[in-house]
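Colleague: I'll drop the sequence and a predicted model, then ask my questions.
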Amino acid sequence: MATCVEVITAAARRAGVIDRRRSIDSSDAGRLLELLEDQYLQWAAAGMFGRLTDVLVTADYTAEEQERVVVNTASSVTVTMPATVDDDLTGDARPPKSMAMIMVTSAYSDFQETCVYDAGFGNWVKFENLTLGGYAPLSATNKTAVVAALAVKVCDEYGLPISTLLTREHGRGMLALTGGYAAERVESGGSYF
């Protein structure tokens, strides 16, 4: 588990922006925090966390995994992230699946909140409004993947070459995150008639 500043510093070092003896300065830290937040939101927009089902609500609502909750009223509505969900196969209550996503938007404003269940952290984490001292989403699940992906963005931002090792780390990290290695395995069997 790492803070955003720890992830940003590690990515800047991997990219070659700062050396091992220096810490990141405040102007770079602010820009790299924006890149980190942008990275998470790009992953969500690209479907890395799966498809979402649209749900229109006009009253308080407890969201379910993989929903895009659209608040369809100008009134104040509270959307709650579930602590447990009913398993589709067994009907038993279970924690949300690792990397399950819920997005909350409003039909009346530009409000958006993107939340992913980070099983390594044991809670829902938001991708918007990150802070330097706050938890870096998914860093408890796979910090190396988050750092490598950000380092690639940092190289692009600063016009630096991407090393072969960084390319390999980035590829492996993305495979680990998108391949569901952090996700719970569900056994299934065939149904024969």
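Modeller: Nice, thanks for sending it over.
Colleague: And the strands in this structure?
Modeller: Listed in chain order, the strands of the chain (DSSP state E) span 53-57, 61-62, 67-71, 79-80, 85-86, 93-94, 101-106, 112-118, 123-126.
Colleague: out of the ones you listed, nearest to Asp28?
Modeller: Asp28 lies closest, by C-beta to C-beta, to one member of these: strand 123-126, at 23.4 Å. C-beta: built from backbone N, CA, C; applies to glycine.
Colleague: In TSV: the strands of the chain, plus mean pLDDT, distance to Leu41 and mean neighbour count.
Modeller: Formatted as TSV, those follow (pLDDT from 0 to 100; distance: least, C-beta to C-beta, whole Å; neighbours: other C-beta atoms under 10 Å):
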stretch	mean pLDDT	distance to Leu41	mean neighbour count
strand 53-57	96	18	13
strand 61-62	97	23	14
strand 67-71	97	14	20
strand 79-80	97	18	14
strand 85-86	93	24	14
strand 93-94	94	28	12
strand 101-106	96	10	21
strand 112-118	96	6	21
strand 123-126	96	11	18
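Colleague: tell me the domain boundaries of this protein?
Modeller: As recorded under automatic domain parsing, the domains making up the chain are 17-48+130-178, 53-123.
Colleague: one step back: tabulate the strands of the chain (TSV), appending distance to Thr144.
Modeller: Formatted as TSV, the strands of the chain follow (distance: least, C-beta to C-beta, whole Å):
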stretch	distance to Thr144
strand 53-57	32
strand 61-62	34
strand 67-71	30
strand 79-80	32
strand 85-86	29
strand 93-94	27
strand 101-106	21
strand 112-118	15
strand 123-126	18
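Colleague: right, and those - which one's nearest Leu165?
Modeller: Closest to Leu165 of these is strand 112-118 (C-beta to C-beta; 26.4 Å).
Colleague: next one: that closest one to chain centre, how far?
Modeller: Centroid separation for strand 112-118 versus its chain: 7 Å, with C-alpha atoms, centre = their mean, to the nearest Å.
Colleague: Residues touching that strand, excluding its own?
Modeller: Outside strand 112-118, the residues that touch it by C-beta atoms under 8 Å, 6 or more residues apart in numbering are 40-41, 44, 49, 65, 81, 95-106, 123-128, 137-138, 140-141.
Colleague: could you dump stretch 56-66 to CSV, C-alpha only?
Modeller: Below are the C-alpha coordinates for stretch 56-66, written out as CSV (Å, rounded to 0.1, in the frame of the first residue of the first chain):
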residue,chain,number,x,y,z
LEU,A,56,-31.2,5.9,-13.4
VAL,A,57,-32.0,6.9,-9.8
THR,A,58,-34.1,9.7,-8.3
ALA,A,59,-33.8,8.7,-4.7
ASP,A,60,-31.1,7.3,-2.3
TYR,A,61,-29.6,4.1,-3.7
THR,A,62,-27.1,1.4,-2.9
ALA,A,63,-25.2,0.6,-6.0
GLU,A,64,-24.2,-2.8,-7.2
GLU,A,65,-21.0,-3.9,-8.9
GLN,A,66,-20.5,-2.8,-12.5
